[in-house]
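Visitor: okay, sequence plus prediction incoming.
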Amino acid sequence: MAGIAIIGYGYWGPNLLRNFSSVPGSTVHWVVDLRTERLEQIKKQYPGIRTTSSINDVLNDPAVTAIVVATPVQYHYSLAKTALEHGKHVLIEKPMTQSSAEAEELIAISREKGLVLMVDHTFLYTGAVRKIKDLINAGEIGEIQYFDSTRINLGLFQPDINVLWDLAPHDISILFYLINDRPVSVSATGKSHTPNGLENVAYLTVNYASDHIAHFSCSWSSPVKIRKILIGGTKKMIVFDDVEPSEKVKIYDTGYTVKSDEDKRQLLIDYRAGDIHVPKLEQREALYGMAADFISAIDKGTTPVSGWKVGLEVVKVLEAAQESIKNRGREVEIKF
């Protein structure tokens with residue numbers, strides 16, 4: 001039985017507590033938060049769970065074997081490092097850390113001590129993304145040509161990270177889950193319309209050595225909420241609309257064929273528009289699947305879908321994107 005302590009009970013904390021309380025083989029012993037009113041709320045809803053404002057209470061409890069870090073990203077590295085050094089398995093909310101150097105240090109500690117280190121990229125456990133993965137693996141859409149993501153809404157402006165670090169990790173992790181190839185460089189632009197200088201609108205292009213290309217649009221300043229990914233293949237195309245309540249994934253039997261011509265300056269293109277298929281999706285809550293994956297990694301030694309490898313890769317892309325933004329969109333190479 002994995003003994004869980006959750007550090008941070010903000011926006012995502014209640015969801016983590018609910019799911020870890022439901023997963024077989026998991027018991028939540030503690031919740032840590034600095035706000036008294038949040039701890040009082042837990043006492044009313046979960047009288048059997050202990051609460052504290054001190055991480056030391058958790059670290060010194062032998063019943064706690066794993067710690068979930070659900071705080072702002074600026075605290076991820078220090079809290080995760082302390083937990084690992086005390087022999088606790090660790091799950092960190094996305095993004096993993098503020099830099100790849102911090103992430104690599106955490107990975108080194110976890111491997112040295114034989115502990116599970118995992119990042120909560122929840123979308124990798126959704127029925128929609130898992131179905132898209134199956135379709136790609138089965139060759140349903142052919143060779144992937146492009147991945148186009150739009151994740152925009154009005155707010156929430158974060159005080160410590162820009163919009164790319166806040167929103168793009170979702171879709172970058174999906175990209176890496178679906179496509180085994182890894183990019184060679186990125187270019188990004190963005191603007192801040194607030195006094196703190198953190199970009200609230202940003203655009204990121206991810207470049208590959210092959211014919212793949214990926215693009216991400218992120219904004220906290222949109223009048224509408226859009227959560228949409230377009231994936232183009234040589235056979236078919238996919239639309240994943242996470243705002244759609246039921247038909248989240250649609251497969252379009254749509255495409256084009258380029259004909260050869262003696263005059264290379266003229267393109268002869270045949271367009272094809274066929275049927276639209278809406279596949280049935282797994283209905284299990286994604287966060288429950290993530291929590292179960294973490295517990296399985298601890299108890300059975302399985303490799304988690306959202307392990308430290310994807311956590312590090314996402315941070316490397318964000319790090320390079322930030323460098324590109326500071327240099328007016330200059331292309332920045334990435335080494336994985």
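Guide: Ah, there it is.

Visitor: could you measure from residue 20 over to residue 26?
Guide: According to C-beta to C-beta, to the nearest Å, residue 20 and residue 26 sit 5 Å apart. C-beta coordinates here come from the backbone N, C-alpha and C atoms, glycine included.

Visitor: between those two, what contacts are shared?
Guide: Shared contacts of residue 20 and residue 26, defined by C-beta atoms under 8 Å, 6 or more residues apart in numbering, comprise 4, 291.

Visitor: which one of those two has more residues nearby?
Guide: residue 20 (25 against 21; other C-beta atoms under 10 Å).

Visitor: from residue 172, how far out is that one?
Guide: Distance, residue 20 to residue 172, using C-beta to C-beta: 25 Å.

Visitor: same question for residue 275.
Guide: 31 Å.

Visitor: what do you get for residue 41?
Guide: From residue 41 to residue 172 the distance is 33 Å (C-beta to C-beta).

Visitor: so between those two, which is more surrounded?
Guide: Neighbours were tallied for residue 41 and for residue 172 using other C-beta under 10 Å; the higher tally belongs to residue 172 (30 against 16).

Visitor: three-state assignment of the more buried one?
Guide: Here residue 172 is recorded as helix under DSSP: H, G, I helix; E, B strand; the rest coil.

Visitor: just checking, it touches residue 218?
Guide: No. Residue 172 lies out of contact with residue 218 (C-beta atoms under 8 Å); the separation is 10.5 Å.

Visitor: chain center to stretch 95-115, what's the gap?
Guide: The chain centroid and the centroid of stretch 95-115 are separated by 17 Å under C-alpha atoms, centre = their mean, to the nearest Å.

Visitor: ok, stretch 170-181 next?
Guide: With C-alpha atoms, centre = their mean, you get 9 Å for stretch 170-181.

Visitor: next: stretch 180-192.
Guide: 16 Å.

Visitor: contacts made by that stretch with the rest, please.
Guide: So stretch 180-192 is in contact with 162-164, 176, 198-210, 212, 214, 313, 317, 320-322, 324-325, 328-334, 336, going by C-beta under 8 Å, 6+ apart.

Visitor: state the pLDDT value of residue 58.
Guide: The model reports residue 58 with a pLDDT of 97.

Visitor: which SS class is it?
Guide: Counting by three-state DSSP, the backbone at residue 58 sits in helix.

Visitor: list the contacts for the spatially closest residue to residue 96 that is not a sequence neighbour?
Guide: Distances taken as C-beta to C-beta, 6 or more residues apart in numbering place residue 311 nearest to residue 96, at 3.7 Å, with adjacent residues excluded. Neighbouring residues of residue 311 by C-beta under 8 Å, 6+ apart: 92, 94, 95, 96, 103, 117, 118, 119, 121.

Visitor: would you mark the buried spots in the helix or strand harbouring residue 311?
Guide: Counting by DSSP states H and E, the element that carries residue 311 is helix 308-326. By 16 or more other C-beta atoms under 10 Å, the buried positions in helix 308-326 come out as 308, 310-322, 324-325.
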